[in-house]
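*Asks:* Give me coordinates for this.
(chains A, B, C, D, E and F)
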6 protein chains.
Amino acid sequence: MHIHLINPNSTASMTAQVLESAMRVANPTTRVTAVNPLDTPVSIEGGTDEAMAVPSMLSEIVKGEAQGVDAYVIACFDDPGLHAAREIARGPVVGICQAAVQVAMTISRRFTVITTLPRSIPIIEDLVSAYGADRHCRNVRAIDLPVLGVDSDPAEAERLLTIQIHKAKLEDRAEAIVLGCAGMSALCERLSIATGLTVIDGVTAAVKLAEALVGAGYATSKVNAYDFPRIKTPSPAKIVEQALIR
Amino acid sequence: MHIHLINPNSTASMTAQVLESAMRVANPTTRVTAVNPLDTPVSIEGGTDEAMAVPSMLSEIVKGEAQGVDAYVIACFDDPGLHAAREIARGPVVGICQAAVQVAMTISRRFTVITTLPRSIPIIEDLVSAYGADRHCRNVRAIDLPVLGVDSDPAEAERLLTIQIHKAKLEDRAEAIVLGCAGMSALCERLSIATGLTVIDGVTAAVKLAEALVGAGYATSKVNAYDFPRIKTPSPAKIVEQALIR
Amino acid sequence: MHIHLINPNSTASMTAQVLESAMRVANPTTRVTAVNPLDTPVSIEGGTDEAMAVPSMLSEIVKGEAQGVDAYVIACFDDPGLHAAREIARGPVVGICQAAVQVAMTISRRFTVITTLPRSIPIIEDLVSAYGADRHCRNVRAIDLPVLGVDSDPAEAERLLTIQIHKAKLEDRAEAIVLGCAGMSALCERLSIATGLTVIDGVTAAVKLAEALVGAGYATSKVNAYDFPRIKTPSPAKIVEQALIR
Amino acid sequence: MHIHLINPNSTASMTAQVLESAMRVANPTTRVTAVNPLDTPVSIEGGTDEAMAVPSMLSEIVKGEAQGVDAYVIACFDDPGLHAAREIARGPVVGICQAAVQVAMTISRRFTVITTLPRSIPIIEDLVSAYGADRHCRNVRAIDLPVLGVDSDPAEAERLLTIQIHKAKLEDRAEAIVLGCAGMSALCERLSIATGLTVIDGVTAAVKLAEALVGAGYATSKVNAYDFPRIKTPSPAKIVEQALIR
Amino acid sequence: MHIHLINPNSTASMTAQVLESAMRVANPTTRVTAVNPLDTPVSIEGGTDEAMAVPSMLSEIVKGEAQGVDAYVIACFDDPGLHAAREIARGPVVGICQAAVQVAMTISRRFTVITTLPRSIPIIEDLVSAYGADRHCRNVRAIDLPVLGVDSDPAEAERLLTIQIHKAKLEDRAEAIVLGCAGMSALCERLSIATGLTVIDGVTAAVKLAEALVGAGYATSKVNAYDFPRIKTPSPAKIVEQALIR
Amino acid sequence: MHIHLINPNSTASMTAQVLESAMRVANPTTRVTAVNPLDTPVSIEGGTDEAMAVPSMLSEIVKGEAQGVDAYVIACFDDPGLHAAREIARGPVVGICQAAVQVAMTISRRFTVITTLPRSIPIIEDLVSAYGADRHCRNVRAIDLPVLGVDSDPAEAERLLTIQIHKAKLEDRAEAIVLGCAGMSALCERLSIATGLTVIDGVTAAVKLAEALVGAGYATSKVNAYDFPRIKTPSPAKIVEQALIR
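*Replies:* Reported below is the predicted structural model:
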């Protein structure tokens, strides 16, 4: 089984971290690979960053299809381009936000998400709601440290996350924590031990759910919404379109 | 890894079928076991059947904890006693309805559930809503055949399910189907091939999600709602209570 | 008219208190009785306690049906087994949580629930939501005193409830308070006078609603969801099943 | 105990019918009275009719307060002026739509409302939603007969209602029916017997709930939203305002 | 194009202020007029005030229809009688709460409403929810100054609003503010400059949306819910009814 | 005032039609321009098409900012890149779906959307829900004609739309129709006259709302979610990022 992680931003150190988190939990028989596009924003912090990252991310899925990838993980907590990716892929495509939310709803009754910048809070609130966890999610908090700050200064990120986890326990009555950024993946276990609260990392969750879906034999439904993109001619955008031909 | 399936009803043939479905998809290193209580209703068709089945089902979890089970699957689509089971178990407890709904939300945008008797429709609608899939679930349909009818006459069940799947495709614009009864598990693959629509079996989904959760290292949060049941004295119900002691 | 209260836990002093609250408000022509099973947890504090209490509670309804009871009140704020009870009973079955919520929605626009232990907060939040009061319920609070603590030290319960009621008034802008435990019933009037805020006791509310439903001639609909439990043979659980025969 | 029914429209025959329905179910010790304003629309069929009826209806509540009325029933299914009436009254004010919906949620899991004209359907849908019954209410249907048509030709109303009840049973899987017009009150019992489906009349429901609330000692909370209307000077609308002085 | 503002209360100074706000933003070719009834409450602070104001407000719409008004703005933040007004008017009727909410949802992702008295908070919360902004509206706050206090002491209103805007920014993470009272209209620009947060005035929003609707050629749909009020005979309320004849 | 329409697809004939629709309703003093990127899909029919179109669409907004555009209209009914566009633009950005939904909620109580292909139905349902019109939107229908089919064969589109409008009136009880594709813009008036039902075109609605927002002085809030995209260095994607510099 081949699970392919796509980090939509262009920061290779984050891709490496994400891959490491994935390999720590993947089954021995699972082949895990990871990639990031070269021409996307260095971090995803808002809708424009998402939009600029998605086409190149989709190109990686087109490449993956040619290589027989079984399932994809989109390793950014905003789940950018998730629906589009599912149109292109035959196998399942798992977003780390949706995966983390599904895990959180299964092992706790109430959870809190902690992300990087406050500007991402409404984005994540709307995602959590779209995934059906309105009542389960007590709060979305931010440590007010940019994504690259988490990557370059993990000790500071850990300190700020610890503060917010304690607040979530006390003020939100959170029973579990969801880390709201792929770049926090490496801190997950230490935070869980230090705070005594289950901490869920979306990358870990998504890799295991991807394995589960492939193992169960479930592919993306090609009936209606997630059908392959339509081929249209005459197209003034031929090159991109042809790359999407099944 | 030890995944333990509990069929809450007392019909051993259903337990056998559920175990077979589980073993077909489980990882080679996973130990899968299944059990059913002896003193519960022969099938779960409504709230009373659920209520009568849950205490014995919980006893199986108490036994499982003593045997070091890593995760449990409750193999009845009403997810009876799911919250209670999570209080008792250290590891994750996966309900087949919740698991199937999570899979359906990942591989399609709109799905329909097909269950046995019409009386279960409101129960399942409320569960689907509690799991956050209000907008994703187009409809809950019934084939109007009792659970034991599915068990004893699978050909008739298959015929009736095929009719409803075609209706779901046409009338509901369903992109995937969720089978709303553990006893339909063995029909899943044939129905999918025959109708050309992805058909999701909750047993399969739950076993793989249970493996995923254990593999990722996620246990049930013991903070607040899913904390172990409180020990209370003096109790006129000593025996049951003591069985639940951690 | 015969209204029968069932306290699902096995603490007789609580049953006595509940009966007293009921008799204080019942119509003179109403016969009010109360019972508690002997083999259930001494208090209901979470899903496992609920699950262990329901079968014996349902047996009391089976007995009640034989005695011609007109309506039942389930005297535990988690409304355990409410849907199951309605399948067995011909007359209405009123849960004290649902009754209190309906009263609160009628005499105020925004209310707060105050319960015993924090672990019950998510349970009650989900109930309140299922009863349609998401927007009306400002908050669910807990005094962090176990149910039996309320029963054995009512003065302490009153002190803690008074603190939370004042907080609910100030912080939640609550216009009414719902007491989230049958065992708080006797404190209701004193708390209302002391705090100047309408305090609603679910036992009182449920008894009066039960009288109202019987007086109006409304019985539980036996069409579909609340139809009598199905009789199934051959059943390895004959005794329990036969008790449920209509 | 004095329960006062206010029919907001000016059709005396409907007031008489409503009073008769109320007296049939009221407790022997309850004094039931009914009134209709003289200067309001002859029937309430839309928002303008509601608006034109409310001030005179509120005047009747001002009068009722002077006479020591214990609780009010607003006998129009749109529940016009319900929030305003609760500001003026000390005791509870029960709307027949809210009462019927609360009963329907208690004795069934899914119900359908049947009203007079299609133009009232969105109004009732929004009310049902505000009362928290979105998931419980399968459908709102109309017989397409004006309110006064129901009053003048009850046989035709009965015929049309019977058709819609059968459709609700078959197409909506309704487990109970709520009659969506006070003028249908007299037909309730016959329809229930003829169709085999529980039929709920809002007038009956509201009278019994009003008795229940008074019997339980619950008055309208005067904290915040339902506080008495504020007295303001200098007011160019002195007479009406003064009538509202506490 | 003729836009007609109706201030439902009888305080002429507020009508003047509302007209001034409207004229400041109206297109040069738009004729803007404003009126207030003489016999309504001096301010709208709760449901009774609303109810007492609506019939006279509707009479103003009847007059407006005779004068060829193209669209109406109801200049009270509770949007009293909005649905009724739409039944009577041929052109669009815009409520200042709905208009402000639509603007706030377009130029921000999360906003907070600040109104006059706390008793209006639940009313506004329910309106905001009915307009579909549940997730976008972070909070409804009150400055605890009556409507006439805003009118007579704008400096004090400005001081209190400034405090609440800063709290909304900090505690609610509001990205925009909606002023929850027509009488705050004149303070809007100053508050926006002073606090650095976009402040939305419903009067301004509604006038521009009314112009937009008329300019686009959209009138109120007369199919079903907003059809003209039905004419009914024999009516004991002839005069009012006849005024509503198309 | 300068309103700039961006047709995200690369079909110039649709851009021309959209511009024509806009100019028909724009104020005489409004300068209306329209553009389409050259390298995007020829039509937007699903998530991949959206994703491939957004970066070039955002580039047009960057250009527009340099030219002093006052407000933008995104002329595709999926509202692709709407949140991203609001981050980049100073003035308001109006999506034609959100605009049409806001108009529909103002001039009717219940409406139906009619789009091109069935695959877009779940996308539009989710958008309508995000814009708060869950209860107002009765249905989303499709004529099953691709976007370019509407463009090339408007007579066939009109015929199919007429059929669906009549069905919406009859089966959905729709009171207004929203055309769910920018390419249907030119058909709007004819359909409205032919069917007697108000038909709302998103392009028209959006242009007028954009004028309204600019006229009222409301710009996009730059506090939090819609703040300008963050500038990040060192970036391997320098060129695109620099284009976004404020």
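
*Asks:* how close does whatever residue of chain A ends up closest to chain D get to chain E?
*Replies:* Of all residues in chain A, residue A:135 sits closest to chain D, at 13.5 Å by CB to the nearest CB. In short, each C-beta sits where N, CA and C put it, glycine included. Separation of residue A:135 from chain E (CB to the nearest CB, to the nearest Å) stands at 13 Å.

*Asks:* burial count for that residue?
*Replies:* 18 (other CB atoms under 10 Å in any protein chain shown).

*Asks:* what's the closest non-adjacent residue to it?
*Replies:* residue C:129 (6.3 Å; CB to CB, 6 or more residues apart in numbering or on different chains).

*Asks:* coming back round to it: right, and the residue of chain A closest to chain D touches residue C:128 too?
*Replies:* No. At 10.4 Å, residue A:135 does not count as touching residue C:128 under the criterion of CB atoms under 8 Å.

*Asks:* picking that back up, in a helix, the residue of chain A closest to chain D, correct?
*Replies:* No. Going by DSSP: H, G, I helix; E, B strand; the rest coil, the assignment for residue A:135 is coil, not a helix.

*Asks:* quick check: domain ranges of chain A?
*Replies:* Following automatic domain parsing, chain A resolves into domains at A:2-96+A:204-226, A:97-201.

*Asks:* one step back: what about the residue nearest to residue A:135, neighbour count?
*Replies:* Neighbour tally, residue C:129, other CB under 10 Å: 18.

*Asks:* Model confidence at it, what's the number?
*Replies:* Note for residue C:129: predicted pLDDT of 97.

*Asks:* quick one: residue A:34 and residue A:20 touch, right?
*Replies:* No. Checked against CB under 8 Å, the pair residue A:34 and residue A:20 is beyond contact range at 9.1 Å.

*Asks:* Residue A:67: how many residues sit nearby?
*Replies:* 9.

*Asks:* Next, name the residue at the spatial heart of chain A.
*Replies:* The centroid of chain A falls nearest to residue A:96 when counting by CA atoms, centre = their mean (2.7 Å).

*Asks:* if I read this right, it contacts residue A:208, doesn't it?
*Replies:* No. Counting by CB under 8 Å, residue A:96 sits too far from residue A:208 to count as a contact (11.3 Å).

*Asks:* quick one, strands of chain A?
*Replies:* Using DSSP state E, the strands of chain A run over A:2-6, A:31-35, A:71-74, A:93-95, A:111-115, A:137-142, A:176-179, A:198-201.

*Asks:* can the ones you listed go into TSV with extra columns for mean neighbour count and mean pLDDT?
*Replies:* Shown next, in TSV, are those (neighbours: other CB atoms under 10 Å in any protein chain shown; pLDDT from 0 to 100):
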stretch	mean neighbour count	mean pLDDT
strand A:2-6	25	98
strand A:31-35	18	98
strand A:71-74	29	98
strand A:93-95	30	98
strand A:111-115	28	98
strand A:137-142	21	98
strand A:176-179	30	98
strand A:198-201	26	98
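
*Asks:* Ok, which of those strands comes nearest residue B:170?
*Replies:* Minimum separation from residue B:170 across the strands of chain A (CB to CB) falls at strand A:93-95, 27.0 Å.

*Asks:* what's the spacing between the closest one and its chain's center?
*Replies:* The chain centroid and the centroid of strand A:93-95 are separated by 7 Å under CA atoms, centre = their mean, to the nearest Å.

*Asks:* Could you report the distance from residue A:183 to residue B:217?
*Replies:* 20 Å (CB to CB, to the nearest Å).

*Asks:* For those two, indicate the residue with more neighbours.
*Replies:* Neighbour totals were compared for residue A:183 and residue B:217, and residue A:183 leads with 30 against 15 (other CB under 10 Å).

*Asks:* Next up, the contacts around the more buried one.
*Replies:* Neighbouring residues of residue A:183 by CB atoms under 8 Å, 6 or more residues apart in numbering or on different chains: A:14, A:17, A:43, A:116, A:147, A:150, A:151.

*Asks:* The residue of chain A found nearest chain C - how many residues pack around it?
*Replies:* Closest approach between chain A and chain C, counting by CB to the nearest CB: residue A:109, at 4.1 Å. Neighbour count for residue A:109, taken as other CB under 10 Å: 26.

*Asks:* And residue A:98, by the same measure?
*Replies:* Residues lying near residue A:98 (other CB under 10 Å) number 26.

*Asks:* what's near enough to touch it?
*Replies:* Going by CB under 8 Å, 6+ apart, residue A:98 touches A:79, A:82, A:127, A:131, A:206, B:105, B:106.

*Asks:* Return the distance of the fourth one relative to residue B:230.
*Replies:* In other words, residue A:131. According to CB to CB, residue A:131 and residue B:230 sit 32 Å apart.

*Asks:* Comparing the two, which residue is more hemmed in?
*Replies:* More neighbours surround residue A:131 than the other of residue A:131 and residue B:230, with 25 against 20 (other CB under 10 Å).

*Asks:* who's in contact with that one?
*Replies:* Counting by CB under 8 Å, 6+ apart, residue A:131 touches A:97, A:98, A:101, A:102, B:105, B:132.

*Asks:* what's the weakest-modelled helix or strand in chain A?
*Replies:* Least confident helix or strand of chain A, by mean pLDDT, DSSP states H and E, is helix A:238-243 with a mean of 42.

*Asks:* and the residue of chain A nearest chain B?
*Replies:* Closest point on chain A to chain B, by CB to the nearest CB, is residue A:132, at 1.6 Å.

*Asks:* want to throw the strands of chain A into CSV with distance to chain E?
*Replies:* Listed next are the strands of chain A as CSV, based on distance: least, CB to the nearest CB, whole Å:
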stretch, distance to chain E
strand A:2-6, 26
strand A:31-35, 31
strand A:71-74, 22
strand A:93-95, 20
strand A:111-115, 13
strand A:137-142, 9
strand A:176-179, 19
strand A:198-201, 23
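
*Asks:* Of all these, which one is nearest residue A:188?
*Replies:* strand A:198-201 (3.9 Å).

*Asks:* The closest one: how far from the chain's middle?
*Replies:* Strand A:198-201 has its C-alpha centroid displaced from the chain centroid by 14 Å (CA atoms, centre = their mean).

*Asks:* Mind listing the strands it pairs with, and their directions?
*Replies:* Strand A:198-201 pairs in its sheet with strand A:176-179 (parallel), by DSSP bridges.

*Asks:* if you look at stretch A:10-21, does any of it touch chain F?
*Replies:* Yes. Where contact is defined by CB under 8 Å from any CB of the partner chain, part of stretch A:10-21 touches chain F, namely residue A:10.

*Asks:* for that stretch, what is the average pLDDT?
*Replies:* On average, stretch A:10-21 scores 96.
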